[in-house]
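J.: Whatever this is, show me its structure:
(chains A, B and C)
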Amino acid sequence: MSVIDPRIHQALDGELASEAVPAELRRAVAQLVAAADLLAAPLPGPAASLESRVMAEIRRPAPSRARRVMGWLVTPRAIILRVRPAWSVAFAAVVAALTLFTTGHDGPELAEHEGIAQFVGRFPEAQSVHAVGTFNDWRPGSIALEDQDHDGVWRATVVLPAGTYEYMFVVDGERWVPDHLAERLVADDFGRENSIVIVRAAPR
Amino acid sequence: MDVRGAPPDAEVVALVLAGDTEAFGFVIRRYEAGLLRFATRMLGSRDAAQDAVAESFVRAYRHLATCREPARLRTWLYRIVTNRCKSHLVRRSVADVPLDDAPPVADPADTEAALERADLLVLVEQALADLSPDKREAFVLKHVEGLSYEEMAVVTGERIPTLKMRVHRAREALLKVLEDHA
Amino acid sequence: MKRWVVLASAAFLAAPLAAQSLRGRLEGRIPSAAIPAVDSLIQFASQEGLPTEPLIQKALEGGAKHVAGPRIVAAVQVTLGQLRDARDLLVRAGDQPPVLPAEMTTVAWALRRGLPAPLVERVVAALARPPRAAAMHAVADLVAHRFDPDSAAGLIIEAVHDGVPRERLLDVSTAALQQVQRGHTRAEALAIVRRQLPNVPAPSKPTRGNVAGARRPASPAPP
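T.: Below you'll find the predicted structure:
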């Protein structure tokens, strides 16, 4: 990069009065000021306020600990196979008792009416991607996709009871997007579209 | 709501910490335009900027008690947003991301000057995108957001001489682009 | 330890399941001001013999998407109307009341996916016995890929009458879609698949690697 006259920097840093700037340098100063003015101008297009989005997130009550535990226990379909390390031993033991199948080398055995759903999405800038839908009572966080090789392609393979489910991906905990690879879309009655996944019972 | 008649930052922070969640709306309305502009210039994408700024506001609300100088809330907010933008940038090369803020559409009735402004903005935006994130951040904080070097030091955690050097290098790169174009 | 764990888990299960209420599922998930209205809509649906789970899911969805309370209530009302329309369609097509909840949900799906009501009625009438979910989705998949709706329904109905098991019907639509991907017109694709009936190409199984990595959904949120 070329080094310019230091007086240009001094003028722009407010260390040199503009009257003291030599005539031959004033054009450069003016060009940079004009460039900054352009960048500082209001952005084109409609300016949607973030206020409602932010306040909605802030107002959302965090469920009490007791309610979260109850919710976990009575969730109709979710059977936990993976225990989070932060949980107490007692809950881990309950999880083990609730797990209906042992995990074999080939992965979980499927019950008669269970199948496998595969979620895939390309989100190269994402820090997290979750599948949220009727299979987990629309709770964000319970089905996390992973991008293990950091190629921007996020995946999850999940055991679910056979049936039809609506869902969306939630990117970085905030952005709701339909699964465009799913090829089945339906209006969500909230102005967006949900994707549909049909889980078929595994052939026996 | 007209935020000019709204309480000063220190008072708003006190209200929110005392339990008045809705008072945080003052903070959002007061600062979102500037933060969005900054994040848009940093990330080159309006959508990404909205995500980054929205998340920053939520974080600011949740960690409001850690804002040591409520009277300097603006600087504190810029700090959160610069960190958020850094996280966004770590995973991608900005050069690969097209600037999705279209230049102002030129009305046929525009004067030559307006058309020139539109062309110049495209040029400047591209030059900004070509800068390294550190230099871009320093230039935008200084010349677009109007922070002092002292405020920039608080926002970025960098020493003032470092920041000055980055701003100077950014100016040189921009000037070269402008002079080549002229 | 193991016996204690089994007994403890039974105790954990019994009480919460018995105490589980609709409000318990909605509280903390949707704006509290909306709960009474949603509750009464769900009670109403229950009294009419309509399935309630789709209404609960719609409310939970609205809460998760940070939708305002009145809009959630409106969406639940829309869902209620869709289920009512679905029930009426099934009765018109020949199902005797009380109509099965799963069939009402299936028909509501089909209508939401854009199948015209007369077409849905035709499929229901042609498949006298439930379950019709696979058939409906198979037809909807074809229509979504711009197959002629009547021809698509015709193929699926024929597959059923040829003895293709209900759970294989999605393979029939997939086979037709694959023929189009190979370059055939949609009409040709339907004809090719029709000629193969009742044989249908087997579905592709998930790979061993994928199945080994499969897991069930984690808990809602760590304490």
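
J.: got the CA coordinates for stretch B:15-31 in PDB?
T.: Extracted C-alpha coordinates of stretch B:15-31, given in PDB (Å, rounded to 0.1, in the frame of the first residue of the first chain):
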ATOM      1  CA  LEU B  15     -34.700   1.400  34.900                       C
ATOM      2  CA  VAL B  16     -34.000  -1.900  33.000                       C
ATOM      3  CA  LEU B  17     -31.900  -3.300  35.900                       C
ATOM      4  CA  ALA B  18     -34.700  -2.400  38.300                       C
ATOM      5  CA  GLY B  19     -37.000  -4.700  36.300                       C
ATOM      6  CA  ASP B  20     -38.600  -2.400  33.700                       C
ATOM      7  CA  THR B  21     -37.900  -4.600  30.600                       C
ATOM      8  CA  GLU B  22     -39.900  -2.400  28.300                       C
ATOM      9  CA  ALA B  23     -37.500   0.500  28.900                       C
ATOM     10  CA  PHE B  24     -34.900  -1.400  26.900                       C
ATOM     11  CA  GLY B  25     -36.900  -0.300  23.900                       C
ATOM     12  CA  PHE B  26     -35.300   3.100  24.300                       C
ATOM     13  CA  VAL B  27     -31.900   1.600  23.800                       C
ATOM     14  CA  ILE B  28     -32.900  -0.300  20.700                       C
ATOM     15  CA  ARG B  29     -34.600   2.700  19.100                       C
ATOM     16  CA  ARG B  30     -31.700   5.000  20.000                       C
ATOM     17  CA  TYR B  31     -28.900   2.900  18.600                       C
END
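
J.: Does that stretch reach chain A?
T.: Yes. Looking at stretch B:15-31 against chain A by CB under 8 Å from any CB of the partner chain, the contacts come from B:21, B:22, B:24, B:25, B:28, B:29. Just so you know, the C-beta spots here come from the backbone N, C-alpha and C atoms, and that holds for glycine as well.

J.: mind listing what the residue in chain A that chain B sits nearest to touches?
T.: Of all residues in chain A, residue A:36 sits closest to chain B, with a separation of 3.8 Å (CB to the nearest CB). Contacts of residue A:36 were listed using CB atoms under 8 Å, 6 or more residues apart in numbering or on different chains, and they are B:143, B:144.

J.: tell me the SS of it?
T.: Under DSSP: H, G, I helix; E, B strand; the rest coil, residue A:36 falls in the helix class.

J.: now it: how far from chain C?
T.: As defined by CB to the nearest CB, to the nearest Å, residue A:36 lies at a distance of 37 Å from chain C.

J.: With residue A:122 instead?
T.: Plainly put, residue A:122 is 18 Å away from chain C if you go by CB to the nearest CB.

J.: now residue B:21
T.: Separation of residue B:21 from chain C (CB to the nearest CB) stands at 14 Å.

J.: how many other residues sit next to that residue?
T.: Each residue near residue B:21 was counted by other CB atoms under 10 Å in any protein chain shown, and the total is 12.

J.: wait, it sits on residue A:58?
T.: Yes. With the criterion set as CB atoms under 8 Å, residue B:21 and residue A:58 qualify as a contacting pair; they are 6.2 Å apart.

J.: Pull up the overlap in contacts between the two.
T.: Listed contacts common to residue B:21 and residue A:58 are residue B:61; contacts here mean CB under 8 Å, 6+ apart.

J.: ok, now how distant is whichever residue of chain C sits closest to chain B from residue A:176?
T.: Shortest chain C-to-chain B distance, computed as CB to the nearest CB: residue-wise this is residue C:66, at 11.5 Å. Between residue C:66 and residue A:176 the computed distance is 9 Å (CB to CB, to the nearest Å).

J.: mind listing what the nearest residue to residue A:168 once chain neighbours are set aside touches?
T.: Computed as CB to CB, 6 or more residues apart in numbering or on different chains, the closest residue to residue A:168 that is not its neighbour in sequence is residue A:176, at 5.0 Å. Contact criterion CB under 8 Å, 6+ apart gives A:132, A:168, A:169, A:170, A:192, C:65 as the residues in contact with residue A:176.

J.: in what helix or strand does residue A:176 lie?
T.: strand A:175-177 (DSSP states H and E).

J.: Would you mark the buried spots in the helix or strand following that strand?
T.: Beyond strand A:175-177 on the C-terminal side, the first helix or strand identified by DSSP H and E is strand A:185-187. Of the residues in strand A:185-187, A:185, A:186 count as buried by neighbour count, 16 or more other CB atoms under 10 Å in any protein chain shown.

J.: center of the chain, which residue is that?
T.: All of this refers to chain A. In chain A, the C-alpha nearest the mean C-alpha coordinate belongs to residue A:171, at 1.9 Å (CA atoms, centre = their mean).

J.: Please refer instead to chain B.
T.: Closest residue to the average C-alpha location of chain B: residue B:38 at 1.6 Å, with CA atoms, centre = their mean.

J.: which residue packs closest to residue B:139, ignoring adjacent ones?
T.: Distances taken as CB to CB, 6+ apart place residue B:170 nearest to residue B:139, at 3.8 Å, with adjacent residues excluded.

J.: how about the helices in chain B?
T.: B:9-17, B:24-43, B:46-62, B:73-90, B:112-130, B:133-139, B:149-156, B:160-181 (DSSP state H).

J.: ditto for chain A
T.: Listed in chain order (using DSSP H), the helices of chain A are A:6-12, A:23-40, A:51-59, A:65-74, A:89-98.

J.: any idea how far residue C:120 is from the residue nearest in space to the middle of chain C?
T.: Using CA atoms, centre = their mean, the residue of chain C that lies closest to the mean C-alpha position is residue C:106, 5.2 Å off. Going from residue C:106 to residue C:120 by CB to CB gives 9 Å.

J.: Name the residues contacting each of those two.
T.: Shared contacts of residue C:106 and residue C:120, defined by CB under 8 Å, 6+ apart, are found at residue C:136.

J.: So the chain: which segments form each domain?
T.: Since you didn't name a chain, this refers to chain A. With automatic domain parsing serving as the domain definition, the record reports that chain A contains domains spanning A:6-40, A:48-109, A:110-204.

J.: Correction: the question concerned chain C.
T.: In terms of domains, chain C is parsed into C:29-112, C:116-204 (source: automatic domain parsing).

J.: now those domains as TSV including mean pLDDT and distance to residue B:88?
T.: Shown next, in TSV, are the domains of chain C (pLDDT from 0 to 100; distance: least, CB to CB, whole Å):
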stretch	mean pLDDT	distance to residue B:88
domain C:29-112	94	22
domain C:116-204	91	35
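
J.: which secondary structure elements does the top helix by length along chain C contact?
T.: What stands out as the longest helix in chain C, according to DSSP H, is helix C:69-93. Judged by 3 or more CB pairs under 8 Å, 6 or more residues apart in numbering or on different chains; DSSP states H and E, helix C:69-93 is in contact with helix C:35-47, helix C:53-64, helix C:101-112, helix C:117-126.
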